[in-house]
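1. coords please:
(one chain, ligands or ions: 2)
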Amino acid sequence: MKFVWTTDPHFDHVPESAWQDWVADVTATSPDGLWITGDISEGEDVVIQLRRVADASNLPVYFVLGNHDFYDSSISRTRRDVVSATRDDRRLVYLTDSQPIELIDNVFLVGEDGWGDATVGDFDHSPIRLRDFEKIEDLTGLTHKNLTKRLRQLGHESAERLANKLAILPATARQITVLTHLPPFREACWYEGRIADDNWAPSFVCGALGQVLLQYNQSHPSVSISVLCGHTHHEGVVQMAENLTVRTGSAVYGKPGIEAVIEIT
Ligand SMILES: [Fe+2]
Ligand SMILES: [Fe+2]
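-> Ligands and ions are numbered 1, 2, ... in the order given. As a prediction, the model looks like this:
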């Protein structure tokens, strides 16, 4: 099977010609499906863009949501609307809301949005303030202490959902691809070839998710885990353990690309 991976397309910023180019590039590879690792659009436009992608490509679309997808809305409302859209349209698969999918024998696809969970780096002294804290209802108007608590809770919830999915994989599983928006490790949080410092890491790493991946890797060392993520818009690959690799994809506003064509064998 063959899948096209795109991250952070931010379709709300894409002019028609760039959109047409992207659709043509995707369909030219004749994939079995499309993988999108978040930041599809913003607010109510997320569902519109997901349907547009499925209609234009005529492919199943496996995706997770990124922080921008929750802008001008709340986390629960966005997830509810997206889940509802996937119920109406079988081509759309929201992996955060899905059980592991067996692509071929003992090779699985799982996904989870993730969140910059303020567990890595130094959030207390970081001057970085994401627009998330003004644009996502759940994160606005909070004191620093409560914001920190909320971010950690979101990361914890993501990690718990992922752990539950990994726990139900059969003992025969040999390969897992994990789609997520946030890099789960600082080492995977690339920016122009360097990794995030203490100021950026709190908002650019989902540390709780990383812990779950490391624990699973330690208890299942023979299972090959490949994590695909985005959010930083800068690419890099890091091998966290012999069978645990994280690939972070690049992105340019207004010009969605294909990060990779991935063959599952
Ligand atoms: Fe993005
Ligand atoms: Fe993002």
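
2. look at F3 and say how many residues are nearby.
-> The tally of other residues near F3 (other Cβ atoms under 10 Å) stands at 23. Where you see a C-beta, it was placed from the backbone N, CA and C, and this is true even at glycine.

3. show me what it is bridged to.
-> Beta-bridge pairing of F3 under DSSP bridges involves G33, I262.

4. just checking, it touches V261?
-> Yes - using Cβ atoms under 8 Å, F3 and V261 qualify as a contacting pair, with a distance of 7.3 Å.

5. give me the common contacts of these two.
-> P31 (Cβ atoms under 8 Å, 6 or more residues apart in numbering).

6. pop out the phi and psi values for V110.
-> When read as degrees, to the nearest 10, the backbone of V110 gives phi -130, psi 160.

7. OK, contacts around it?
-> With contacts defined as Cβ under 8 Å, 6+ apart, V110 is in contact with L95, P100, I101, L162, K165, L166, I176, T177, V178, L179.

8. can you flag the buried ones in those residues?
-> L95, P100, L162, K165, L166, I176, T177, V178, L179 (16 or more other Cβ atoms under 10 Å).

9. name the element the fifth one belongs to?
-> Taking DSSP states H and E as the criterion, L166 maps to helix 144-167.

10. after that helix comes which helix or strand?
-> Moving toward the C-terminus from helix 144-167, the next helix or strand (DSSP H and E) is strand 175-180.

11. partner strands of that following strand, with direction?
-> strand 107-112 (parallel), strand 224-229 (parallel).

12. quick one: contacts of it?
-> Residues from elsewhere that reach strand 175-180, judged by Cβ under 8 Å, 6+ apart: 35, 37-38, 62-64, 95, 100, 103, 106-114, 158, 162, 166, 169, 206, 209, 213, 223-229, 262, 264.

13. which residues of the protein lie near ligand 1?
-> Counting by Cβ under 5 Å from the ion, the positions of the chain adjacent to ligand 1 are D8, D39.

14. ok, the helix or strand bottoming out on mean pLDDT in the chain: who's next to it in the sheet?
-> Every helix and strand of the chain was ranked by mean pLDDT, DSSP states H and E. The lowest is strand 190-191, at a mean of 90. In the sheet containing strand 190-191, the strands it pairs with under DSSP bridges are strand 194-195 (antiparallel).

15. give the rounded mean pLDDT of the strand it pairs with.
-> Strand 194-195 shows an average pLDDT of 92 in the prediction.

16. can you check stretch 177-186 too?
-> Here stretch 177-186 scores 98 as its mean pLDDT.

17. quick check: buried residues in stretch 97-106?
-> Of the residues in stretch 97-106, D97, S98, P100, L103 count as buried by neighbour count, 16+ other Cβ under 10 Å.

18. to clarify, my last question referred to stretch 40-50.
-> Residues of stretch 40-50 classed as buried under the neighbour-count rule (16+ other Cβ under 10 Å) are I40, S41, E42, G43, D45, V46, V47, Q49, L50.

19. re the thing from before, specify which member of the contacts of V110 is nearest to ligand 2.
-> L179 (13.6 Å; Cβ to the ion).

20. residues in a beta bridge with the closest one, which ones?
-> Following DSSP bridges, L179 is listed with bridge partners G111, L228.

21. how close does it sit to ligand 1?
-> Here the criterion is Cβ to the ion, to the nearest Å. By it, L179 lies 14 Å from ligand 1.

22. sorry, back to before: in PyMOL, how would I select just the buried ones from the contacts of strand 175-180?
-> Applied in PyMOL, the following selects the buried portion of the contacts of strand 175-180 according to 16+ other Cβ under 10 Å:
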select buried, resi 35+37+38+62+63+64+95+100+103+107+108+109+110+111+112+113+114+158+162+166+169+206+209+213+223+224+225+227+228+229+262
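
23. before we move on, the earlier item: pipe the contacts of V110 into JSON lines and attach distance to Q153 per row.
-> What follows is the contacts of V110, written out as JSON lines (distance: Cβ to Cβ, whole Å):
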{"residue": "L95", "distance to Q153": "21"}
{"residue": "P100", "distance to Q153": "24"}
{"residue": "I101", "distance to Q153": "27"}
{"residue": "L162", "distance to Q153": "15"}
{"residue": "K165", "distance to Q153": "19"}
{"residue": "L166", "distance to Q153": "20"}
{"residue": "I176", "distance to Q153": "26"}
{"residue": "T177", "distance to Q153": "27"}
{"residue": "V178", "distance to Q153": "21"}
{"residue": "L179", "distance to Q153": "22"}
